[in-house]
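A.B. asks: Predicted model and sequence below, questions to follow.
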Amino acid sequence: MSEPTQPVPVVERAGADLGDQSASAASYEPHPTLEGEEKPARFWSHRRIPAALAALVLLGGVGVLLYDIAAVRAGRSAMEWRSSLARELAERPLDDTGVLVGAGVAVALGVWLLVLAATPGLRGILPMRRTHTDVRAGLHRDAAAMVLRDRAMEVSGVQSVRVRMKRSKVEVRAVSHFRELDDVRADLDTSLGDGIRELGLGSAPGLSVHVARPGRKG
């Protein structure tokens, strides 16, 4: 008759307790891309809303200005706002607070529009490796972080984990309630390293893993 199965006790390092080691961290450097493989470009945002708002504002301002110029050419008096604006610009000194504030707002708006025009946007979508030249695929950061979080929760000893997915780096902070922290961290390095490669991203991000004990209650 077989003996009943007994639970296997958890063995800790001799002379150490859970408070001796509070955290363990390591970094994983991604493998370089394959030779001859091009790094996929980021997805460009259409930015329809900023473009539409800027176009409407410019169209309205130019339309009113052209109407007023045509009215003056036809013998009518200029609109009060244009006469007042011309008088203020002629009489007000350049170091006036209102002039400086207006110039600052105009410069900030122009820089914002230039940044929108020159940058791709869509930072939340990570480009994936292109297996076909006519097909492009992307993976949302939140979805990638969820996949890696599920893999991390499968590691023995992990109680909870938080994953932050960036364009060039994955930050993982895990809480382990048993096992040695270095062992848990090593398993997380292996599991998450494989998970990053299986995501099929065009540019594999680095991995930073930090493991700590749960905080003391009270």
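C.D. replies: Alright, I've got the coordinates. Source: prediction; values computed, not measured.

A.B. asks: for this protein, what's the longest helix?
C.D. replies: helix 48-73 (DSSP state H).

A.B. asks: which parts of that helix are buried?
C.D. replies: For helix 48-73, burial by neighbour count (16 or more other Cβ atoms under 10 Å) applies to residue 68. The C-beta positions use only the backbone N, C-alpha and C, and glycine is treated the same way.

A.B. asks: cool, and stretch 158-174?
C.D. replies: For stretch 158-174, by 16+ other Cβ under 10 Å, it's 158, 161, 163, 165, 170-174.

A.B. asks: can you map out the helices along this structure?
C.D. replies: 48-73, 80-91, 97-118, 141-153, 181-198.

A.B. asks: Tell me which of those lies nearest to residue 41.
C.D. replies: Closest approach to residue 41 among these (Cβ to Cβ): helix 97-118, 14.2 Å.

A.B. asks: Now do that closest one: distance to the chain's middle.
C.D. replies: Its chain's average C-alpha position is 25 Å from that of helix 97-118, according to Cα atoms, centre = their mean, to the nearest Å.

A.B. asks: one step back: which one of the buried residues of stretch 158-174 is nearest residue 134?
C.D. replies: Distances from residue 134 to these, taken by Cβ to Cβ, are shortest for residue 165, at 27.4 Å.

A.B. asks: how does the protein divide into domains?
C.D. replies: 23-29+125-212, 48-118 (automatic domain parsing).

A.B. asks: For the shortest one, measure first residue to last.
C.D. replies: In other words, domain 48-118. 15 Å (Cα to Cα, to the nearest Å).

A.B. asks: which intervals of the chain have sub-threshold pLDDT?
C.D. replies: 1-38, 217-218 (pLDDT under 70).

A.B. asks: mind redoing it with 90?
C.D. replies: Low-confidence segments of the chain (pLDDT under 90): 1-104, 106-107, 109-139, 166-169, 177-179, 182, 193, 197-207, 214-218.

A.B. asks: The buried residues of stretch 158-174 in strands, which ones?
C.D. replies: Using DSSP state E, the members of the buried residues of stretch 158-174 that fall within strands are 158, 161, 163, 165, 170-174.

A.B. asks: still on that earlier bit, show me what the longest helix of the chain is packed against.
C.D. replies: helix 97-118 (3 or more Cβ pairs under 8 Å, 6 or more residues apart in numbering; DSSP states H and E).

A.B. asks: angle of the helix it packs on against helix 48-73?
C.D. replies: Between helix 97-118 and helix 48-73, the angle comes out at 130 degrees (axes from the mean of the first three to the mean of the last three Cα atoms, to 10 degrees).

A.B. asks: Give the buried residues for helix 97-118.
C.D. replies: Buried residues in helix 97-118 (16+ other Cβ under 10 Å): none.
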